[in-house]
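Visitor: Starting from these lines, generate the structure:
(one chain, ligands or ions: 2)
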Amino acid sequence: MENKDIIRAFRLASSLMELHDENPFKIRSYTNAVAVLERLETPVAGLPADQLEQIEGIGKALAAKIVETAATGSFAELDQYLAATPPGVVEMLRIKGIGPKKIRAIWKDLGVETSEALLEACEKNELAALKGFGAKTQETIKNALLYNQESKGKALYAEVETLAYHLRDFLREKLQTDQVEVAGEIRRRLEIIQLISLVVASADPEPVQGIINSLPELEQDEIKSGPFSWRGRETTSGLALEFRIVPPAAYINELFRATGSEGHLTGLFSNTDCLLLVSRKEKYTSEEDIYASAGLAYVQPEMREGRNELLLAKENALPKLLTDDDLRGILHNHTTYSDGVNTLEQMAFYCREKGYDYLGICDHSKSAFYANGLPEFRIRDQHKEMDKLNRQLAPFRIFKGIESDILADGSLDYSDEVLATFDFVVASIHSNLKMDVVKATDRLVGAIQNPFTTILGHPTGRLLLRREGYPVDFKTVIDACAEYGVIIEINANPWRLDLDWRFVEYALSKGVLLSINPDAHSTEGYHDMRYGVLMGRKGGLTREMTFNAFSLEQVADHFEKRKQRATAMLAS
Ligand SMILES: [Zn+2]
Ligand SMILES: [Zn+2]
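Guide: Ligands and ions are numbered 1, 2, ... in the order given. As a prediction, this is how the structure comes out:
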């Protein structure tokens, strides 16, 4: 058990106590405990109570609860509160934009005990009439509920990837064959997954069904299953799962059909023919053969979305997609100077150790007080440390960057003189996220027009399945980046993956460079780079158009020229 699981249990306990209108001092002891645990860098699970008591801020009572949670996943007091609260009300605690006090009013005054009933109350305008609520709060709650409803039965790619490939490897081993493969949305690397789909080759499906049913975390839906298909769900994620079991000779055909989107399979590549029909003509031994027999170039699984890939395949004009190995450096990362977990030195050494040639550090800027953003004097300290490390680590290089907040009016939050001290600037929006499309687009374009802006960070601010981004007119934003020479980030954090891959092609058509940025807040965060690469590949991104696939010299040159141009504009 990790600290974050224990933190979650304590946080839930404090919310439940607030919900039950407990003594504020009692509640505070739990919120304090959360704060203490959040600061700890070492795992507490497994530590004996007497050792835990030595940690500052953790007393005897708390230490006992930590030990209990580490062993059982919960503690007696939390269980009591859970037992005294309807499950639907506990679920409501997860709704964004509404705290335990308001939920108490909804529960006690309106008698609403489930999210469904709450949505109905919003639709009947009952919430707005409740004391302390009003139309605006009602609207916020309603939108959050609709968003949660839509997110049910879905998971991030990064959350299900391991599970899917474990299942594949397990079956490969059990069946002594390598003809088992993950297909569908996961093989296409969609950012959000609704169905885990695997294709299994076997002459004898019955024992395969037996092996699948031997896995305790899978639950079969017998009505939807058949002799050649297992359908059901994975119980921890709740995600739908299917296994298609086919004779070995039909394996490639089935894998092909289980991978492409409907648009890809049924889209016409000639006047009368589509790939689905081609896949039924004969038994193939490779997917390349299927495309070849249709007179098409091979389409990588990521691109089989039914967009324009069939046309490109016909003209043999498919892009050569970016790979992990093409990346030469990692830009946009945080350190302990702002809200990162690892020090500048640790971030630099680990980046070099991973074989990269350069690192860009972009801690938060001064108005990001919530993330310990850097006031001017701390920037000077950081630059000094970077100079020292650069002498030590050469030819590896740390570029001096900043993630500058885009303020409400589209300006950046340092003076031009301060901005000029950086090698590059990532401009991002972090606050006042409630904007209509005109306001949001204007705000972004304002930042793009700033001559010091080098890269536009996570353009929509979305957190997949958690928070919708603000609406953005992508064409206008991309056109502005093309006009002002601004690079757009594909934020590789699996929750963000922003710029969305669906706009990559348009950006490329305008000659806009993209940068795969992990936005790492720890050395571990560098490993997210591959999710950004996957998204880039879905959008047809090539090495040539990826900024951090450039060599150290090219990147340094790009930064230098832009800075000279910006300072010249400033002087004139
Ligand atoms: Zn950011
Ligand atoms: Zn960041």
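
Visitor: the strands in this structure, which residues?
Guide: Under the criterion DSSP state E, the chain contains strands at 155-156, 180-182, 192-193, 195-201, 218-220, 229-234, 240-246, 329-333, 358-364, 397-405, 424-428, 455-456, 487-491, 514-517.

Visitor: Mean neighbour count, these: which tops it?
Guide: strand 514-517 (a mean of 29; mean count of other Cβ atoms under 10 Å). Every residue, glycine included, has its C-beta placed from N, CA and C.

Visitor: Below-threshold pLDDT in the stretch 201-350 of the chain: ranges please.
Guide: Confidence mapping of the stretch 201-350 of the chain against pLDDT under 70 gives zero matching residues.

Visitor: do you know which of the strands of the chain lies nearest ligand 2?
Guide: Distance to ligand 2, taken as Cβ to the ion, is lowest for strand 397-405 among the strands of the chain, at 4.6 Å.

Visitor: Tell me the residues on this protein that lie near ligand 2, please.
Guide: Within reach of ligand 2 by Cβ under 5 Å from the ion, the chain has these residues: 403, 519.

Visitor: 8 Å - rerun?
Guide: Within reach of ligand 2 by Cβ under 8 Å from the ion, the chain has these residues: 332-334, 362, 364, 403, 426, 428, 457-458, 491, 519, 521.

Visitor: picking that back up, okay if I get the strands of the chain as TSV plus distance to T259?
Guide: Listed next are these as TSV, based on distance: least, Cβ to Cβ, whole Å:
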stretch	distance to T259
strand 155-156	19
strand 180-182	9
strand 192-193	14
strand 195-201	8
strand 218-220	22
strand 229-234	16
strand 240-246	11
strand 329-333	31
strand 358-364	36
strand 397-405	37
strand 424-428	35
strand 455-456	33
strand 487-491	23
strand 514-517	24
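
Visitor: Go through those and name the closest to K131.
Guide: strand 397-405 (36.0 Å; Cβ to Cβ).

Visitor: Does anything pack onto that closest one? Which helices or strands?
Guide: Applying 3 or more Cβ pairs under 8 Å, 6 or more residues apart in numbering; DSSP states H and E, one finds that strand 397-405 makes contact with strand 329-333, strand 358-364, helix 376-393, strand 424-428, helix 552-571.

Visitor: In contact with D519, which residues?
Guide: D519 is in contact with 332-334, 457-458, 491-493, 496, 525, 528, counting by Cβ atoms under 8 Å, 6 or more residues apart in numbering.

Visitor: please redo it, this time with the cut-off set to 7 Å
Guide: For D519, the contact set (Cβ atoms under 7 Å, 6 or more residues apart in numbering) comprises 332, 491, 493.

Visitor: And L310, by the same measure?
Guide: 267, 269, 296.

Visitor: Which of those has the largest number of neighbours?
Guide: Within these, neighbour counts (other Cβ atoms under 10 Å) peak at L296, which reaches 22 neighbours.

Visitor: residues touching it, list them.
Guide: 269, 310, 313-314.

Visitor: now swap in A63 and tell me
Guide: 49, 52-53.

Visitor: Distance of it relative to A13?
Guide: Using Cβ to Cβ, to the nearest Å, we find A63 at a distance of 15 Å from A13.

Visitor: The closest residue to ligand 2 within the stretch 151-300 of the chain: what's it in contact with?
Guide: The minimum distance from the stretch 151-300 of the chain to ligand 2, using Cβ to the ion, falls at A158 (17.7 Å). For A158, the contact set (Cβ under 7 Å, 6+ apart) comprises 494, 531.

Visitor: and it, how far is that from R496?
Guide: A158 is 11 Å from R496, by Cβ to Cβ.

Visitor: Please apply the same query to E524.
Guide: 16 Å.

Visitor: Compare those two and say which is more crowded by neighbours.
Guide: Neighbours per residue (other Cβ under 10 Å) separate E524 from R496, with R496 holding more: 27 against 12.

Visitor: how far away is the closest residue to the more buried one other than its chain neighbours from F269?
Guide: Once flanking residues are discounted, R496 sits nearest to H458: 5.2 Å by Cβ to Cβ, 6 or more residues apart in numbering. For H458, the distance to F269 equals 36 Å [Cβ to Cβ].

Visitor: where do the helices sit along the stretch 451-572 of the chain?
Guide: 474-484, 504-509, 529-538, 552-571 (DSSP state H, counting those that start in this stretch).

Visitor: Dump those into JSON lines; add mean neighbour count and mean pLDDT as well.
Guide: Shown next, in JSON lines, are the helices of the stretch 451-572 of the chain (neighbours: other Cβ atoms under 10 Å; pLDDT from 0 to 100):
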{"stretch": "helix 474-484", "mean neighbour count": "19", "mean pLDDT": "98"}
{"stretch": "helix 504-509", "mean neighbour count": "18", "mean pLDDT": "98"}
{"stretch": "helix 529-538", "mean neighbour count": "25", "mean pLDDT": "98"}
{"stretch": "helix 552-571", "mean neighbour count": "14", "mean pLDDT": "94"}
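
Visitor: Which of those sits closest to E287?
Guide: Comparing the helices of the stretch 451-572 of the chain by Cβ to Cβ, helix 529-538 comes nearest, at 16.5 Å.

Visitor: what comes into contact with that closest one?
Guide: 157-158, 189, 191, 300, 302-303, 321-322, 324, 327, 330, 490, 492, 494, 497, 501, 504, 514, 516-518, 546.

Visitor: Pull the distance from it to the chain's centre.
Guide: 11 Å (Cα atoms, centre = their mean, to the nearest Å).
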